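Asker: predicted model and sequence below, questions to follow.
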Amino acid sequence: MITDGIASGSAVATHCPYCALQCGMLLMGRQDAVTVNGNPKFPVNQGGLCAKGWSAATLLTHADRLLTPLVRDSIGTLVPASWDEALECVAQRFKQVQQRYGKNAIGVFGGGSLTNEKTYLLGKFARVALGTSNIDYNGRFCMASAASAASMALGLDRGLPFPLEDMRRAKTILLVGANVAETMPPIMKYFEAQQQNGGTLIVVDPRRSATAQWATRHLRLRPGSDAALANGILHVLIRDKLVDEPYIRARTTGFDDVRRIVATYWPERVEQITGVAEAEIVDVARVLGQASSAMILTARGPEQQAQGVNNTLAYINIALALGAVGKPCSGYGSLTGQGNGQGGREHGQRADQLPGYRRIDDPVARNHVASVWGIPEADIPGPGKSACELLDSLGPDGVRALFVMGSNLVVSAPDALRVEQRLKSVDFLVVADFFLSETAELADVVLPSAQWAEEDGTMTNLEGRVIWRRRARNPPEGVRSDLDVLADLARCLGKRSHFSFGSAEDVFEELRRASRGGPADYSGITYERIDAEDGVFWPCPAADHSGTPRLFIDTFPTADGRARFHAITHLPPAEECDDEFPLFLTTGRVLAHYQSGTQTRRVGALQEIAPEAVAEMHPSAARTARVADGERVRLSTRRGTATFRLKVTRSIREDTVFVPFHWGGDQSVNRLTNCALDPISKMPEFKVCAVRASADTAENPE
Ligand code: SF4
């Protein structure tokens, strides 16, 4: 067991609070002055950190931290309250709402940055303490399409079914819609090693991003055309006999239907749809088809679309046709974004899910989890509303009270002004957070949470490696762990006996039992093993099981052991460009900020790098809009208008505008984005909508 740094004065080995790479860190120093170093012994980052990680400790002692609960008083002001007052207020209001409007009148909204223990306990809290079916989380904005597609095609969703290490020796990697050079820079050492080993990196992105500039080749596709591009590449692979027919026959089903569909995606036609030149499509297909090991990686680019599942399935089709899935240094993976984007989608905070990645409508799963929870199976509610559907239902005719933990919806949700109005329409809003986020500002009760370095918990990184994020300091006076808050609230609601845990590890022990036998089986994982083994890869069904770094080697976890091809037809985005809105708007992240910016916008060093949201446009589009580099551009969509400082750059397509989404208020690009949902994953279409650009000047009022 690693020593407790607070008591011993030694370094505490823990992990970064931000993205899914979950870089290893060493925290040193006293309670009021913690310093960060990269942990050279943690294999994923080997000491490397990005600017966000290096500066993470400044938030522990930040002046904006919430140090006491806040309750809105009779004149509408949030005022300090004791924990007893705040918790009793929440419990009473929840009881009143449920007595008048039924159990499902309360919604719970979680987040992909919560630890596995919090994810698990929040799901249990919703079902056992509140008895509501309405719980979902912000992973619907992030990983849901890849999760659905991998489950449908491969029988199991684990973002990367292989360790990052395998990327070093992949001959060809097709990286689709990920700007990892900015979002998770330490991962670039794997791509560097791959290139040094003679490998080829092909990046697909409407922008010549920092990652695309670094790659061997770059396909600058039109936003919303991923499925057509993937089908076009597969068309060439089949035409040129570069697919692995023995693998397809032995390990897959459904290829004949795919063959028929992709026959109609000849390169000339795909060029018309995607804007990628016919010759480039043919070349890339050949590079992939002739590689001794090929890897396809997708991220939010193709996934955050109303066709996100189909787009991802189309890319998985390529990996299966190449016979790459389950082979060394090959295969398909999705690069998870949020810190616990992987574990956060496994243990029950999704509307359709029970712990262990089980379905809530599966009678066997319900019986197992009910036995762990000590309740009748019939008391577990059925499936609830997915995230956007839940937000859409807020108000007098639907869900009347909402409990938000670890999510800043006012900034991160699509069509954000509408979401803000919905949040204002509920009878009662409770938010647990470290800072008074834009969402917390609307709350009736705000509960101050402990931060990453102030509590223990496990996270599951983008490889499926379960790691231990250790406590390195005590929370400030007046601040509680979310786990304690859930247990306290459950006590106030009369459910104390189901939430009696002495520590995060106690919660994990119950999670282990609840996940036993499920697809994401953690039952063989312990805090001690994580410590000794630099993390343990799930599934790990027994104490003497070594964990599973690589999946699908011999078989797929489907009824017949085979992977499934899916015949995909390209469909246009939910909103196409027209005379009124002639450009595509796409969104993403920048190096200095993380998600809704609640944390990183409070770090001086990061604000210096990126103090505001900057829109990127091609010179020709900027000329048409009569706005110059450095001036302010007004962007309007069918949902709203916002203005941004403009960067004119040839690195973006002429028909596309890019804006990062880390800001709220009048810099909120999500006031413009479209909440059209993928029919399967229920993921909104952040990555493409139609927009109009104009100069933002006094002479040119909207
Ligand atoms: Fe590593 Fe991501 Fe943290 Fe940067 S933000 S240090 S890449 S875990």
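Answerer: Arrived safely, thanks for sending.

Asker: show me which positions of the helix or strand that E271 is a member of end up buried.
Answerer: Assigned by DSSP states H and E, E271 belongs to helix 267-274. The neighbour-count check on helix 267-274 (16 or more other Cβ atoms under 10 Å) flags P267, R269, V270, E271, I273, T274 as buried. For the C-beta atoms, the positions are set from N, CA and C on the backbone; glycine is no exception.

Asker: what's the following helix or strand past that helix packed up against?
Answerer: Sequence order places helix 278-290 as the next helix or strand after helix 267-274, per DSSP H and E. Contact partners of helix 278-290 among helices and strands, from 3 or more Cβ pairs under 8 Å, 6 or more residues apart in numbering; DSSP states H and E: strand 172-176, strand 200-204, strand 217-219, helix 226-239, helix 267-274.

Asker: and the angle for helix 278-290 with helix 267-274?
Answerer: Helix 278-290 and helix 267-274 are oriented at 110 degrees to each other (axes from the mean of the first three to the mean of the last three Cα atoms, to 10 degrees).

Asker: tell me the buried residues in helix 278-290?
Answerer: E278, E280, I281, V282, V284, A285, V287, L288, G289.

Asker: give the other helices and strands that whichever helix or strand comes after it contacts.
Answerer: Next in sequence after helix 278-290, counting helices and strands by DSSP H and E, comes strand 294-298. Contacts defined by 3+ Cβ pairs under 8 Å, 6+ apart place strand 294-298 against strand 172-176, helix 308-321, strand 331-334.

Asker: list the contacts for the spatially closest residue to T673 that is not a sequence neighbour?
Answerer: Nearest-residue entry for T673: P414, 4.3 Å, with adjacent residues in sequence omitted and distances by Cβ to Cβ, 6 or more residues apart in numbering. By Cβ atoms under 8 Å, 6 or more residues apart in numbering, the contact list for P414 reads F141, C388, N670, T673, N674, C675, P684, E685, F686.

Asker: the residue lying closest to the third one once chain neighbours are set aside and Y190, how far apart?
Answerer: Which is N670. In this structure, N670 finds its nearest non-sequential neighbour in A416, 4.0 Å apart by Cβ to Cβ, 6+ apart. Taken as Cβ to Cβ, to the nearest Å, the spacing of A416 relative to Y190 amounts to 35 Å.

Asker: okay, the two: which has more neighbours?
Answerer: Neighbour count, other Cβ atoms under 10 Å: between A416 and Y190, A416 has more, with 27 against 19.

Asker: what number of residues lie near E420?
Answerer: Number of residues near E420 (other Cβ under 10 Å) recorded here: 20.

Asker: by contact count, what packs against the host helix or strand of it?
Answerer: Here E420, judged by DSSP H and E, is contained in helix 416-425. For helix 416-425, the packing partners by 3+ Cβ pairs under 8 Å, 6+ apart come out as helix 387-392, helix 409-412.

Asker: can you tell me which of the ones you listed is nearest to R692?
Answerer: Within the helices and strands packed on helix 416-425, the stretch nearest R692 is helix 409-412; the backing value is 22.7 Å (Cβ to Cβ).

Asker: doesn't N670 lie inside a helix?
Answerer: Yes: N670: assigned to a helix according to DSSP: H, G, I helix; E, B strand; the rest coil.

Asker: how much space separates it from the ligand?
Answerer: 21 Å (Cβ to the nearest ligand atom, to the nearest Å).

Asker: that residue: how many residues sit nearby?
Answerer: 28.

Asker: same question, D544
Answerer: Close neighbours of D544, defined as other Cβ under 10 Å, add up to 7.

Asker: what's near enough to touch it?
Answerer: Contacts of D544 (Cβ under 8 Å, 6+ apart): G524.

Asker: now D257, what's its secondary structure?
Answerer: Three-state call for D257 (three-state DSSP): helix.

Asker: so who does it touch?
Answerer: So D257 contacts F565, A567 (Cβ under 8 Å, 6+ apart).

Asker: quick one: it from L442, how far?
Answerer: 48 Å.

Asker: nearest to I248 among the contacts of P414?
Answerer: Nearest to I248, judged by Cβ to Cβ, of these is E685 at 32.0 Å.

Asker: please tell me how far that closest one sits from Q338.
Answerer: To Q338, E685 is 19 Å away according to Cβ to Cβ.

Asker: ok, now I187?
Answerer: Taken as Cβ to Cβ, the span from I187 to Q338 is 15 Å.

Asker: and if you look at N134?
Answerer: Here N134 is placed at a distance of 21 Å from Q338 (Cβ to Cβ).

Asker: where does the stretch 1-150 of the chain get nearest to the ligand, residue-wise?
Answerer: Residue of the stretch 1-150 of the chain nearest the ligand, by Cβ to the nearest ligand atom: G53 (2.4 Å).

Asker: contact partners for that residue?
Answerer: Contacts of G53 (Cβ under 8 Å, 6+ apart): C16, Y18, C23, M25, V36, G38.

Asker: swap in 7 Å and give it another go.
Answerer: Residues in contact with G53 (Cβ atoms under 7 Å, 6 or more residues apart in numbering) are C16, Y18, C23, M25, V36.

Asker: and the last one, which of the three is it?
Answerer: Spelled out, that is V36. Criterion first, three-state DSSP; result for V36: strand.

Asker: next one: it, what pLDDT does it get?
Answerer: For V36, the pLDDT comes out at 95.

Asker: buried set for the longest helix along the chain?
Answerer: Criterion DSSP state H: the longest helix present in the chain is helix 83-101. Neighbour-count burial for helix 83-101 flags W83, A86, L87, C89, V90, A91, R93, F94, V97, Q98, Y101 (criterion: 16+ other Cβ under 10 Å).

Asker: now the element after it, going C-ward?
Answerer: Counting by DSSP H and E, what follows helix 83-101 is strand 106-110.
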